[in-house]
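Participant: Pasting the sequence and the predicted model now:
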Amino acid sequence: MDDPILADQMRYYRERGPRSYDDWFYRRGRYDHGAAINRQWFRELIEVIQAMTEFDVRGNVIEFAGGTGIWTERLVATADSVTSVDCSPDGLEAARIRLGPFASRVRLIEADIFDWTPRERFDCAFFGFWLSHVPATHFARFWQLVATSLNPGGRVFFVDSLRAENSMAKDTGLQDYGDSRQRRRLDDGREFTIYKVYYSPKTLGDSLAAMGWSFDLHATREYFIYGSCKPPAE
Ligand SMILES: C[S@@+](CC[C@H](N)C(=O)[O-])C[C@H]1O[C@@H](n2cnc3c(N)ncnc32)[C@H](O)[C@@H]1O
C-alpha cells in the first residue's frame, strides 16, 4: 500500500461497521435528511435500479467493493454467480447474512482491490459507490483491472455519488478539501481521510473515451451517476 490515504480509507470502512454503512444507504440516523430529501433519494435510486434491470445482468459477475451486499443481492437474482471483492471482513459477513439462500451462488473475497488479480474472467462487472473512492493516480489502473476481468463482449454497470450535499451524514458538515479528499467521522467520533471523486457524465465520459472505452452515462436529478460501459476490443 503505497498511499497512506488509501490505507486510511480501508481502515475507515473496516472500522465503520455494516450497520453504519446501511444507515447511509437507507437514510437512517445521521443520514436521515428529512422526508422530502429522503423521498427524492429513493426516487432516484429507483431510476438507477430500472436502468440496471434494462442492462440485464447475466452470467458470471464480478462485483468490486461489494460491501454489505446491498447490490450483490440484486445482482445474484439474475446472474449465474457473483464474486464480490471487498476489504472489510465485517461487510462481507453482513453480505453473507443478507444473501441467505442466495449465498451459495456468491463468492465473497476479502482483498484490497488494488492488490487483487482475477483468476478467471466474467461476463459482467458491477461497482456501486466505489469508483468515487478510486483516486486519479489509480483510475487507469482500476479500469484496466476491470477490462482484464471481463470475457470478450463483457459489460460493466456502475452507480455512484453525483455530489456531497444532502448525501453525507448531517453532522459531518462538508469536509471536502476540494482535491478529492474528504474527512469522514464515524459514529464514535473517530476521523479518517478518504478519497471521494465526484464525476458528471461528461467528466467521466471524457476520461473513459481517452482510454478507448464505450459508454452510456447518466445522472439522476440530484444524487447519482450511473451507466454502462464496454472496454476497448482486445
Ligand atoms: C461506499 S462503500 C460501497 C459498498 C457497496 N458497493 C454498496 O454500494 O453498498 C465502499 C466499499 O469499498 C470497500 N473498500 C474500500 N477500499 C477498498 C479496497 N482498497 N479494496 C477493497 N475494498 C475496498 C469498503 O470496505 C466498502 O465496502
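Facilitator: Received the coordinates, thanks.
Participant: Where is the longest strand in this structure?
Facilitator: Looking across the chain with DSSP state E, the single longest strand is strand 150-161.
Participant: Residues touching that strand, excluding its own?
Facilitator: Residues outside strand 150-161 that contact it (CB atoms under 8 Å, 6 or more residues apart in numbering): 48, 51-52, 55, 57, 62, 71, 121-132, 146, 167, 196, 198-199, 223-231, 233-234. Heads up, the C-betas are built off the backbone N, CA and C, glycines and all.
Participant: filter the residues you listed to the buried ones?
Facilitator: Buried members of these, counted by 16 or more other CB atoms under 10 Å: 48, 51-52, 55, 57, 62, 71, 122-132, 146, 167, 196, 198-199, 223-231.
Participant: filter these down to the ones near the ligand?
Facilitator: Filtering the buried ones among the contacts of strand 150-161 for neighbours of the ligand using CB under 6 Å from any ligand atom leaves W71, G128, F129, W130.
Participant: Including secondary structure and pLDDT, could these go into CSV?
Facilitator: Putting these into CSV (DSSP: H, G, I helix; E, B strand; the rest coil; pLDDT from 0 to 100) gives the following:
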residue, secondary structure, pLDDT
W71, coil, 98
G128, strand, 98
F129, coil, 97
W130, coil, 98
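Participant: Kindly reformat those as TSV containing distance to R105.
Facilitator: Converted to TSV, those look like this (distance: CB to CB, whole Å):
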residue	distance to R105
W71	15
G128	18
F129	23
W130	21
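Participant: Need the single longest helix in the chain, by residues.
Facilitator: The longest helix of the chain (DSSP state H) is helix 35-55.
Participant: Report the angle between it and strand 150-161.
Facilitator: Per axes from the mean of the first three to the mean of the last three CA atoms, to 10 degrees, the angle that helix 35-55 makes with strand 150-161 is 170 degrees.
Participant: Just checking, which helix or strand succeeds helix 35-55 along the chain?
Facilitator: Using DSSP states H and E, the next helix or strand after helix 35-55 towards the C-terminus is strand 60-64.
Participant: okay, that next one in PDB with CA atoms only?
Facilitator: C-alpha atoms of strand 60-64 as PDB (Å, rounded to 0.1, in the frame of the first residue of the first chain):
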ATOM      1  CA  ASN A  60     -20.900 -14.700 -14.000                       C
ATOM      2  CA  VAL A  61     -20.500 -11.300 -12.400                       C
ATOM      3  CA  ILE A  62     -17.500  -9.700 -10.700                       C
ATOM      4  CA  GLU A  63     -18.500  -7.000  -8.100                       C
ATOM      5  CA  PHE A  64     -15.800  -4.600  -7.000                       C
END
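Participant: Strand partners (parallel or antiparallel) of it?
Facilitator: Paired strands of strand 60-64, with direction, are strand 81-86 (parallel), strand 122-128 (parallel) (DSSP bridges).
Participant: next one: it to chain centre, how far?
Facilitator: The gap between where strand 60-64 is centred and where its chain is centred comes out at 12 Å by CA atoms, centre = their mean, to the nearest Å.
Participant: Tell me where this protein is predicted with low confidence.
Facilitator: 1, 172-179 (pLDDT under 70).
Participant: Swap in 90 and give it another go.
Facilitator: 1-2, 16-21, 24, 30-31, 163-190, 233-234 (pLDDT under 90).
Participant: Tell me the secondary structure of the residue of it found nearest the ligand, please.
Facilitator: Residue of the chain nearest the ligand, by CB to the nearest ligand atom: G67 (2.7 Å). Put simply, G67 is coil when judged by DSSP: H, G, I helix; E, B strand; the rest coil.
Participant: Please report phi then psi for it.
Facilitator: phi 60, psi -130 (degrees, to the nearest 10).
Participant: I109 now?
Facilitator: phi -120, psi 120.
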